[in-house]
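1. attaching a predicted model along with its sequence, questions to come.
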2 protein chains.
Amino acid sequence: MAPTLTMQAALLGLSEFWAARGCAVVQPYNTEVGAGTMNPATFLRVLGPEPWSVGYVEPSVRPDDSRYGDNPNRLQTHTQYQVILKPEPGNPQELYLESLVALGIDVAAHDIRFVEDNWESPALGAWGLGWEVWLDGQEITQFTYFQQAGGIVLDPPATEITYGMERILMALHGIDHFTDIPYADGVTYGELFAQAEYEWSTFYLDTADVELLRRQLGELEAEARRLIGLALPIPAYSQILKCSHTFNVLDARGAMGTTERATAFASMRRLAHDVAELWRDKREELGFPLGRADAADAAPTVAATPAAGDGPRTFFLELGVEELPAADADQARSTLAAAVAEALAATDLGHGAVTVVGTPRRLIATVADVDPVEPQRTVVVRGPKVKAAFDADGNPTKAAEGFARSRGTTVDALTRVVEKGEEHLAFETAGGGRTAAEVLAEVVPAALGKIRFGKNMRWRPGSDLAFSRPVRWLVALLGDDVVPTAWAGLAAGRETRLFRSTGEPTATLASAESAVATLEEHGLVPDPAARRDQVVGGATALAEAEGGTVDVERWARLVDEVVDLVEAPTPVLGSFDPAHLALPPEVLTAVMSKHQRYLPVTDADGALLPHFVTVANGSCDSAVVRRGNEAVISARYADAAFFVARDRETPIADLAAGLATISFDSRLGSVRDRVDRMAATALDLAKAVDAEPAVRDVVGEAVPLAKFDQASQMVMEMTSLAGTMARYYGADAGLSPAVVTAIAEAELPRAAGDEVPGTLAGALLSLADRLDLITALFAVGAEPTGSADPYGLRRAARGVVLVTMSGVDPALDRFSVRAGLAAAAAHLPVEVAEDLVGRIEPFVRRRFEQTLLDQGHRHDLVQAALLHADRPAQVRAALADLTAAVGTERFTLVADALKRADRLVGDTDRSALPRVDPSLFDDPTEGALLAALEQVEAADAAGSVAGFLAAAEPLATALNACLDTVMVMADDEAVRANRLALLTRVAATGADVVAWSEVED
Amino acid sequence: MAPTLTMQAALLGLSEFWAARGCAVVQPYNTEVGAGTMNPATFLRVLGPEPWSVGYVEPSVRPDDSRYGDNPNRLQTHTQYQVILKPEPGNPQELYLESLVALGIDVAAHDIRFVEDNWESPALGAWGLGWEVWLDGQEITQFTYFQQAGGIVLDPPATEITYGMERILMALHGIDHFTDIPYADGVTYGELFAQAEYEWSTFYLDTADVELLRRQLGELEAEARRLIGLALPIPAYSQILKCSHTFNVLDARGAMGTTERATAFASMRRLAHDVAELWRDKREELGFPLGRADAADAAPTVAATPAAGDGPRTFFLELGVEELPAADADQARSTLAAAVAEALAATDLGHGAVTVVGTPRRLIATVADVDPVEPQRTVVVRGPKVKAAFDADGNPTKAAEGFARSRGTTVDALTRVVEKGEEHLAFETAGGGRTAAEVLAEVVPAALGKIRFGKNMRWRPGSDLAFSRPVRWLVALLGDDVVPTAWAGLAAGRETRLFRSTGEPTATLASAESAVATLEEHGLVPDPAARRDQVVGGATALAEAEGGTVDVERWARLVDEVVDLVEAPTPVLGSFDPAHLALPPEVLTAVMSKHQRYLPVTDADGALLPHFVTVANGSCDSAVVRRGNEAVISARYADAAFFVARDRETPIADLAAGLATISFDSRLGSVRDRVDRMAATALDLAKAVDAEPAVRDVVGEAVPLAKFDQASQMVMEMTSLAGTMARYYGADAGLSPAVVTAIAEAELPRAAGDEVPGTLAGALLSLADRLDLITALFAVGAEPTGSADPYGLRRAARGVVLVTMSGVDPALDRFSVRAGLAAAAAHLPVEVAEDLVGRIEPFVRRRFEQTLLDQGHRHDLVQAALLHADRPAQVRAALADLTAAVGTERFTLVADALKRADRLVGDTDRSALPRVDPSLFDDPTEGALLAALEQVEAADAAGSVAGFLAAAEPLATALNACLDTVMVMADDEAVRANRLALLTRVAATGADVVAWSEVED
């Protein structure tokens, strides 16, 4: 690293670097933009087939990141260096690493990693897949394969590299406040920009004129629309950028409610789409002045087919990719194993075990003992029927001759087969016998083509091929030979790639048998299990050296992820200032595990120690890596400590009042208004479920303070800590433990799999919160549509049923969804349509159903139990009983009987049937049935499925006995009606227990 | 020149160059700005004492320059590279030239000149003095010493260098359309920006929403004001920039009238001032984080004083400056000659002739035969009176002792002198005898300090010294010795500077006697007369070689200017496409002489030939210089031809109608409305002066078309051609010659010294135009205040009197200013106050007076003639008569007599006097006087001063005779009253001729 690298030298250096690689260097845009992506040199130019490579500086304005220049890492204007490469040059990651070298960064010493990060701009209708680039744990670059812009699929896709210049400079100089970055010789960043940071922060956060901005936002949108109408995409796009900035300022002022946000995004997205379309069309009209780059590459030249070998050899397949996301790496390995096995099974080639390993950069399948050739066999091809093959004179028809010709033979040479009793002409030929190389040449694309991911991307011009990340090399060896195959535009060879930053970048694999060993000799650890051992072993050893341990079980998912973030784990221990241990442990671990993928180190009692383990990729200078990571976490903890300290200075009543400044929706008011409604609903619910007075007191005390921590700095910074911080701040403020718990539990469950409230008071707050959210947004017409659920109403509905079903308190058994919705609706500040609750119920029921299915319940039993969808606690009980009973004799007996009775009554108008008249019975089984029926009816066991089954067993037996004897459809109409009335009553006994008809046999 | 220099390479190269010289390199601003100056990195940072050096690219948006990308040189967004050096480094011009070398420009081959150009931003309250830098006639850079920003004086001043990148690249590559500039390797400027040029041009010229922009302008101003109130200068300044851009868009849309423009500028200027003040105060509060650069330099160390020489030697003084404007160089030479002579005269040093020569870069004074020492003499200092020097006892008083002590002696040693008859104590000492070097050391600063310019600038930190341009070196030699003196922070030495770009940059001057010759040996031509000879001789010879000539007499002023644009004239002949000769010659010569300072080449009949002569500075590669200049003029003529062709396609009626789209003022309507009023007024005037029917017809036909050419492209491009183009376009359209002339003459006179209309119809249109302008703007309260006259009303008033006085037609003798103003006022579309004409009359009178004084008339005669200010033609006649008569016996006789009569009547109430009663006469001279009086009264010669003088001569004689005999103030009251009445009638005979009392003896 050059110790004197200044910001300006770095910016000029990047421009020189990319200019030398064919990029045009252009200027930042002359209206405020949030990111380099918004510059038309990116947004418009990535559209269409024209090649486009460009680099530029972009001072990026994020009003929301305003911190008056106080925060060491957060600036309202930070400096991006933006590069677009279209089409992607085949080695953009390598070029990027070269650019870091050009800046003087020792890429071999540092831990530089490509960590999954998928990018989306809701305002621009743009998205792409890619990574954050980490330099010793610090995110320094966003690296994206742009897939869409303005909702238009990009062909070819473009590579976008966005350098975060302040981060890079701070990391390189080990600086802990942006103001200390050397900007130019003798001038610091702070000297140039601190005053602007302060003033703009004041403007964005405190003084920008909200009413004026709102009006401007509307005017800018209208103007953009008008200019689109005039076919002026460039000026129109400028208006959209101004919209976006205006929106961002409003947002920073806390003036953008949830629904306004969605509306504004949707509007900008539509405009961006129309502009993009207009631009693309205009470029087409102009005949694409810069040329076209959307033609597919020429087909790759595959290796020559080797001669068949002498005996069984190993088959080695390696697909080289750019860093797969951890979850994708794992999934790809499973898919590949199955796909290879399946593709081989479709051949006759003899082979041994299929083994799959891999890292984020490679998927490796090995097949042991592959026979040199496929066995010989006869292949019979069926021709026309014999009776249609010859005419009356016995001469071959045209059909017969055609068939023979198509097989390259004559009718005389054909044989005959019988198929489905009909004789056909047939052609016999010798099949199989292909060499293993020939077979494998087909197996490779077949197997690789089966790999699927949740999110896929394209990268090659003129190709629809999509994969999790770009595929860069392909090795396919059978023993010593290259298999003559290709996939994704890559011919298979024997050259593999090693670590990018250190030593040799590539290696030649001599044979399939030695391939994995060769990779290992070069320091790679292809086997994830081996990597896991190294991570766990290394981390534990490092922790132990500090007298601590790593709770591998608790952090199992994180360990799994870390294993697939590296090709060769190098655990490095780092430490932080023990003073930060005063922060809530949730804050500490959230930063470590979520943000940094560090393993926390704990003492014997599970308390955090001031250490962490990060896992670097391959060899590096541990001291450099440790120092870098320590600087990152130290800055993050300093931020958190700063936030928590500021929060603790603020009385929680002030925080609660501060919710009034957080806009929720123009019609629905602030978050404070929402909490007030939620308070009223919670008290209604407490009454409705007949909660004990003590609980009601807790609810009464807690609700005015609900969500108060959402006005805290710490929660604004890390929203996942909502509720958690309330627990700390509430306790500090001297609230009773029960009240603190209720406030904290109001946030639960946050997501699928999260815990639910453990107290009735907490449950009632949680329910009130979610019921208010759902009713409010349905009331203003913002219910989810399609896959869009911007307000998380589905998650809220799921929360309602999970909380009610939790069984935390018997009172919740008395909770009715309908009544709860009605209670919430009654407090809404907007006009409520009469059918509001009716419209919401099916929505909640669908989420209920999905929740239960997700929990693994049988589909039919779920349907049956959902008879009680209005009372989730009852559904839980019914489903438990059903699950226990289904398959038992008693269950089958009762269920079948009830269904049989119901089926026999069929379409008959049940209300028109007479009362059962025993005098019309003409068989004793009828009387017995009535007696059994009356016993069940008297038992009133509908509350419990188990109870009902016990009670109804005799009834079922009696029913079956009766139906074995009497015919329901008697000739005598009165008798028939009497019998139908009896059956109707039988069927009705179970009607409010579960929906029997849903239960499958 | 590197043949492959691309725009991006040039921009990066400049950043590297200036970064290496200590500049911070920052980014273009993220809101639209019209120039790099507006970036806060210039506007705010030049304020206050902090040092600041910065370089950056600035894409500069000039909506008014929108040309759809068609015009080869005009872009709505062009690229500036902006450099600020504060304090100025002492050699900014040299650094600038080095930067050109760094770009690969061969500065020795090209003609690079610094041509006066003073910069002002009316919106920002900023100004500075400096130059355009010309590269072979092409303006490629603006070089300014910034003096004020936001109306605040800059201390230290800053050097601003603004490179016009497109111009530089086009000049270097010999490209004739900006779209062909290589932007990056393989990509042209047009490929990147042509579409944007087209779309933004459409937006700015045709479709931007005027109503919306107007509203936004108001909102932005209000927001800027509010943010100033909140002490946020940076966000406030951003709003001002947005104001400015919004204003520029409105202007490009033709929606900014004259008064709105002035109002908007005033408002922005106020805001800019307040922001500047706020910023400066904030920086002071912060303790000027970047330090202070406003301390004065240490005093320079002057040379040791040499011993006196043996005999007379020459004194040589050279003041080295950065390029003086041509007029300043001329003026400085005159001042210096006088100042040196005067400063020497204040000494006793004997010397010969003082000679002054100089170039734009040096002022040289030579004094021949300077004596080696001042002659010896006795100096007597007067003390107290002797009578006050001794007490009664003869002892010295305190006063005497104090005087002796102050002279370092005792009372005994004092002598005595008699002054004004009173004896004083006196001190005698030996004076003079200083060496010439000692004397000249004082003469130099005294003489240089006397040089004054119309516009002065400061450049040194901590110094109030102002000069036309910075002073850079000082040579002062007496014979072989350096004179021990200093001025402007420069110690005198013997090192002079030569041409910057070629050969040695400096030379050492051995002696005063050889100094000029040494300069000449190095190719300089210090003597302007010699340069003039070279210019005239060289240009003539070049023209003759092409069979033409240069009309040196016609272009005398231009030749004078050219002489002072170079240090050594190198005339270079250039040619242009003869096809351009089809353009009106006024267009061709305006471009050559005004824009390019080329001498036109004409044939024997005075018709233009397709050649020109430019005068380069010093040695250069003539081929390169010719090529460059030819490219410049070719582009300019191509522009002009394009405009003229487009204009000729437009019917003049359409042009006339098009005036409706040029806004004049929101209250006063469009230019079309103004022309319509002017038409009505012109017809009224024609009637009022009783113009012949033929003239009236011409007026009637011409007025609807007045100013039609102002809607033409050519006039919009070069406003000085208004009227001239009307002549061509009108003739093309088949208008009668008289009508065409009237339309063309309506624009006359354009400025002081310009011709006036030659026909009555033209004069009436001209008058109508000016009367409408004056009355309209007074009516809306936009009369000139202080030195501000944004609408040119003073010029208009001057036009009114010049036209009326022109004597082109006797009808104009009947023109009354008051009646004309009333006629114009009657057609105004706004409410007209009763006193409007009354308020305007003194304003016109003041301009009238100034005009006559400027013409060189005697002040007293002007006052006397202005008795007829309402009828300028009469003033002209009276003034001519007065001028002819003044000093003649007759004039003196009459004037004295009239004044004498008037003086004798004095304060007497003249209305209360009786009619003259001859019966009360008691001397024959009284009767004779009455008889003479009655003759004059009967002659009614008031119409002509000469006539009156002739008629009044006997009266004057009679008056004198009478007064010699009779005493006016007779004891008899009736007699006295009768005599006073007689005198009153005498005085009254001249009262309506001229204001006799104003005439001085």
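-> Noted; the coordinates are in hand.
2. which residue is nearest the middle of chain A?
-> residue A:454 (8.0 Å; CA atoms, centre = their mean).
3. how about low-confidence regions in the stretch 101-250 of chain A?
-> When residues are selected by pLDDT under 70, none of them lie in the stretch 101-250 of chain A.
4. which residue ranges of it form strands?
-> Remark: strands assigned in the stretch 101-250 of chain A by DSSP state E, counting those that start in this stretch are A:112-116, A:119-121, A:126-135, A:138-149, A:152-164, A:182-184, A:187-188.
5. was I right about residue A:841 contacting residue A:820?
-> No: using CB atoms under 8 Å as the test, residue A:841 is too far from residue A:820 to be in contact (10.8 Å). For glycine as for every other residue, the C-beta is placed from the backbone atoms N, C-alpha and C.
6. between the two, tell me which one has more neighbours.
-> residue A:820 (27 against 15; other CB atoms under 10 Å in any protein chain shown).
7. once you drop chain neighbours, what's closest to that one?
-> residue A:771 (5.0 Å; CB to CB, 6 or more residues apart in numbering or on different chains).
8. name the element the one you found belongs to?
-> helix A:760-779 (DSSP states H and E).
9. hey, C-alpha coordinates of that helix in PDB?
-> Extracted in PDB, the C-alpha atoms of helix A:760-779 (Å, rounded to 0.1, in the frame of the first residue of the first chain):
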ATOM      1  CA  LEU A 760     -50.600 -13.000  27.600                       C
ATOM      2  CA  ALA A 761     -49.900  -9.200  27.800                       C
ATOM      3  CA  GLY A 762     -47.200  -9.500  25.200                       C
ATOM      4  CA  ALA A 763     -49.400 -11.700  23.000                       C
ATOM      5  CA  LEU A 764     -52.300  -9.100  23.200                       C
ATOM      6  CA  LEU A 765     -49.900  -6.300  22.200                       C
ATOM      7  CA  SER A 766     -48.500  -8.400  19.400                       C
ATOM      8  CA  LEU A 767     -52.000  -9.200  18.100                       C
ATOM      9  CA  ALA A 768     -53.200  -5.600  18.400                       C
ATOM     10  CA  ASP A 769     -50.200  -4.400  16.400                       C
ATOM     11  CA  ARG A 770     -50.800  -6.900  13.600                       C
ATOM     12  CA  LEU A 771     -54.600  -6.500  13.600                       C
ATOM     13  CA  ASP A 772     -54.200  -2.700  13.300                       C
ATOM     14  CA  LEU A 773     -51.700  -3.100  10.500                       C
ATOM     15  CA  ILE A 774     -53.900  -5.400   8.500                       C
ATOM     16  CA  THR A 775     -57.200  -3.700   8.900                       C
ATOM     17  CA  ALA A 776     -55.600  -0.200   8.300                       C
ATOM     18  CA  LEU A 777     -54.000  -1.100   5.100                       C
ATOM     19  CA  PHE A 778     -56.900  -3.100   3.800                       C
ATOM     20  CA  ALA A 779     -59.100  -0.100   4.700                       C
END
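10. the lowest-mean-pLDDT helix or strand in chain A pairs with which strands?
-> Least confident helix or strand of chain A, by mean pLDDT, DSSP states H and E, is strand A:663-665 with a mean of 83. Neighbouring strands of strand A:663-665 in its sheet, by DSSP bridges, are strand A:669-670 (antiparallel).
11. residues contacting the closest residue to chain B within the stretch 301-450 of chain A?
-> Going by CB to the nearest CB, chain B is nearest to residue A:322 of the stretch 301-450 of chain A, at 27.4 Å. Contacts here follow CB atoms under 8 Å, 6 or more residues apart in numbering or on different chains; on that basis residue A:322 touches A:93, A:114, A:361, A:469-470, A:472.
12. repeat that for residue A:301.
-> residue A:491 are the contacts of residue A:301 under CB under 8 Å, 6+ apart.
13. from residue A:277, how far out is it?
-> Counting by CB to CB, to the nearest Å, the gap from residue A:301 to residue A:277 is 39 Å.
14. ditto for residue A:844
-> Counting by CB to CB - residue A:844 and residue A:277 are separated by 39 Å.
15. same drill for those two, tell me which one is more crowded.
-> Each of residue A:844 and residue A:277 has its neighbours counted (other CB under 10 Å); residue A:844 has more, 27 against 16.
16. pLDDT score for the more buried one?
-> Looking at residue A:844, its pLDDT stands at 93.
17. name the element it belongs to?
-> helix A:836-854.
18. coming back round to it: buried residues in the least confident helix or strand of chain A?
-> A:663-665 (16 or more other CB atoms under 10 Å in any protein chain shown).
19. same check, this time on stretch A:458-473
-> A:458-463, A:465, A:467-473.
20. same question for stretch A:524-540.
-> Buried, per 16+ other CB under 10 Å, within stretch A:524-540: A:524-528, A:531-532, A:534-536, A:538-540.
21. and stretch A:66-77, by the same measure?
-> A:66-69, A:71-77.
22. tell me which residues of stretch A:592-605 come out buried.
-> Those would be A:592-593, A:596-602, for stretch A:592-605 by 16+ other CB under 10 Å.
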